[in-house]
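A.B. asks: The sequence and its predicted three-dimensional model are supplied below.
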Amino acid sequence: MKECNPVLLKELRQRFRSYRSPLIIALYLMVLGGFLLGIMYLEWRDAAYYFQPGSSKGTFTILSVAQLGLLAFVVPGLTAGVISGERERQTLNVLLTTELSPLSIIVSKLISACSFTALLLIATLPLYSLVFMFGGLAPVQVLGVLGFFLVTMLMFAAIGVTCSTYFKRTGVSTLTTYGVVFFLIAGTGFLAGFIYELYDHNARIAMLNIQETPLIVQLLQDTNPFLVMLRILGEQATIGPGRDMWLPYWGTFTLTYLVLSVTLILWSGYKLNPVKSNRKLFR
């Protein structure tokens, strides 16, 4: 095993030494910072010219929602072309002839994209501390939201790398990645609400009351990033009366996303392998 992965080193150097990296970070912070200052100004203006500490929770929630939206926009853009771009530049075959395994190439691309996204998350911590210093928030909520963003970022990145490996064109890969991410954020919540309404309608016809949320509905809302984040922040973002599960909602979310991420990464390494019967996936 080599001491340093040359693909990972090359990707990190290209990503962090490019002029676009500080530009993206600055633009990212300007959008979030301007959004935060605008909210605080509205709160200050409507509260007799002083900022109420009790409104910090609402500001923090809105800031977290904006952060999730930006992650859903940035991460697919960084990962949806990592393999298909190499294929379009006709450099993928050169990578596959090196001593690196296909899985090592996939992981190197993934780590490079995730490291930059993690840098974006770390760069926004001062904005969160600006809200946190007014009170009204528990430290465990801030840590919970940060952990939630890291798990969600890994899942979005794994989806982007998988689509980039499967599709030959970057445009198709990018469009598919954004579609899957949109389904995870909005589609699962809509599907959970639709299925629950069907159960509730049938129960009303039979003159019965739903005592607990159906299992499929509970699983859908426990794997919906938007609903899970709101529940971490203490909001009552649930569908139905609830259901006793083996794990808490955040445990179900974390375990599901980690298992799916690892599965997608392994499948991408298998799919990228040009000679699946002879060449080893792990090396």
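C.D. replies: Here it is on my side, so go on.
A.B. asks: Low-confidence ranges, the stretch 1-150 of the chain, go.
C.D. replies: By pLDDT under 70, the weakly predicted segments of the stretch 1-150 of the chain are 1-4, 43-55, 132-136.
A.B. asks: would you list every one of the helices in it?
C.D. replies: Taking DSSP state H, counting those that start in this stretch to define them, one finds helices in the stretch 1-150 of the chain at 6-17, 20-45, 56-79, 84-88, 92-96, 102-123, 125-132, 139-166.
A.B. asks: out of the ones you listed, nearest to residue 272?
C.D. replies: Ranking the helices of the stretch 1-150 of the chain by distance to residue 272, with Cβ to Cβ as the measure, places helix 102-123 first at 3.9 Å. In this view, the C-beta of every residue, glycine as well, is placed from N, C-alpha and C.
A.B. asks: Name the residues of that closest one that are buried.
C.D. replies: Within helix 102-123, the residues that qualify as buried by neighbour count (16 or more other Cβ atoms under 10 Å) are 102-114, 116-117, 119-121.
A.B. asks: now that helix and helix 6-17, what's the angle there?
C.D. replies: 30 degrees (axes from the mean of the first three to the mean of the last three Cα atoms, to 10 degrees).
A.B. asks: next one: helix 102-123 to chain centre, how far?
C.D. replies: Here helix 102-123 is found 13 Å from its chain centre; the criterion is Cα atoms, centre = their mean, to the nearest Å.
A.B. asks: what does stretch 214-229 give?
C.D. replies: With Cα atoms, centre = their mean, you get 15 Å for stretch 214-229.
A.B. asks: Send me it as CSV with only the CA atoms.
C.D. replies: Once non-C-alpha atoms are left out, stretch 214-229 reads as follows in CSV (Å, rounded to 0.1, in the frame of the first residue of the first chain):
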residue,chain,number,x,y,z
PRO,A,214,-47.6,3.2,9.6
LEU,A,215,-44.1,1.8,9.4
ILE,A,216,-43.5,2.9,5.8
VAL,A,217,-44.6,6.5,6.7
GLN,A,218,-42.3,6.5,9.8
LEU,A,219,-39.4,5.3,7.8
LEU,A,220,-39.9,7.9,5.1
GLN,A,221,-40.1,10.8,7.5
ASP,A,222,-37.1,9.4,9.5
THR,A,223,-35.0,9.5,6.4
ASN,A,224,-36.2,12.9,5.1
PRO,A,225,-33.4,15.4,5.7
PHE,A,226,-35.6,18.4,6.1
LEU,A,227,-38.0,16.8,8.6
VAL,A,228,-35.1,15.2,10.6
MET,A,229,-33.3,18.6,10.8
